[in-house]
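In: Here is my input; please provide its structure:
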Amino acid sequence: MTTAPFLSSFLRPNPRNLESLQAAWARMLELGYTTRTEPVDEPEGCTRTRCAGVHEGYPGSEHRWALHCLLCAVDIEVFYSHMRERKGANPAPPRRHKGCKFSGPTRATARAARYAELGLVLPAWDADAHAARLAA
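Out: Prediction:
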């Protein structure tokens with residue numbers, strides 16, 4: 001598990017990428033994710049255009065990021081764009097990865113308990129988990 005934010009090998013450390021890295025890394029931690037303990041082979045020749053590969057460091061929002069879910073203890077490949085909050089006409093809070101046994105409103109009690117068990121701060125936007133914690 002890596003605690004210091006780092007970019008995928010194909011992203012240049014320019015101001016825009018470094019700013020996005022900080023936001024993405026904070027969201028990764030907030031969702032209870034971490035980097036994988038085993039290295040991930042990044043695809044050779046990948047550029048800013050889409051590629052089929054998975055990246056170890058923050059790869060931008062259009063590439064899959066190799067992470068580990070601390071809540072359900074599985075390795076995942078997730079787009080950062082799926083971790084962000086949706087704004088505009090159809091706002092929605094960030095969502096957990098597909099298949100997470102702690103995802104969704106019906107699992108709010110278990111999610112709140114798991115965050116507490118791991119010593120993680122329950123995200124402010126997770127109203128269901130906050131309500132479940134207060135009801136307990």
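In: Run through the bridge partners of His68.
Out: Residues in a beta bridge with His68, per DSSP bridges, are Thr34, Asp75.
In: so who does it touch?
Out: By Cβ atoms under 8 Å, 6 or more residues apart in numbering, His68 lies in contact with 1, 33-37, 74-76. Using the backbone N, CA and C atoms, a C-beta is placed for each residue, glycine as well.
In: Just send those back as CSV, with neighbour count and pLDDT too.
Out: As requested, these are arranged in CSV below (neighbours: other Cβ atoms under 10 Å; pLDDT from 0 to 100):
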residue, neighbour count, pLDDT
Met1, 8, 55
Tyr33, 21, 95
Thr34, 15, 94
Thr35, 22, 92
Arg36, 18, 91
Thr37, 9, 87
Val74, 13, 95
Asp75, 13, 95
Ile76, 19, 95
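In: List just the nearest of the residues you listed to Trp125.
Out: Tyr33 (15.6 Å; Cβ to Cβ).
In: List the contacts of that closest one.
Out: 67-70, 76, 78, 97.
In: same check, this time on Gly57
Out: Applying Cβ under 8 Å, 6+ apart, one finds that Gly57 lies in contact with 6-9, 11.
In: In PyMOL, select just the buried ones from the residues you listed.
Out: For the buried members of those, the matching PyMOL selection, counting by 16 or more other Cβ atoms under 10 Å, is:
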select buried, resi 7+8+11
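In: can you put the contacts of Gly57 in TSV and add secondary structure and distance to Ala52?
Out: Supplementary listing: the contacts of Gly57 in TSV, determined by DSSP: H, G, I helix; E, B strand; the rest coil; distance: Cβ to Cβ, whole Å:
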residue	secondary structure	distance to Ala52
Phe6	coil	22
Leu7	strand	20
Ser8	coil	14
Ser9	coil	16
Leu11	coil	17
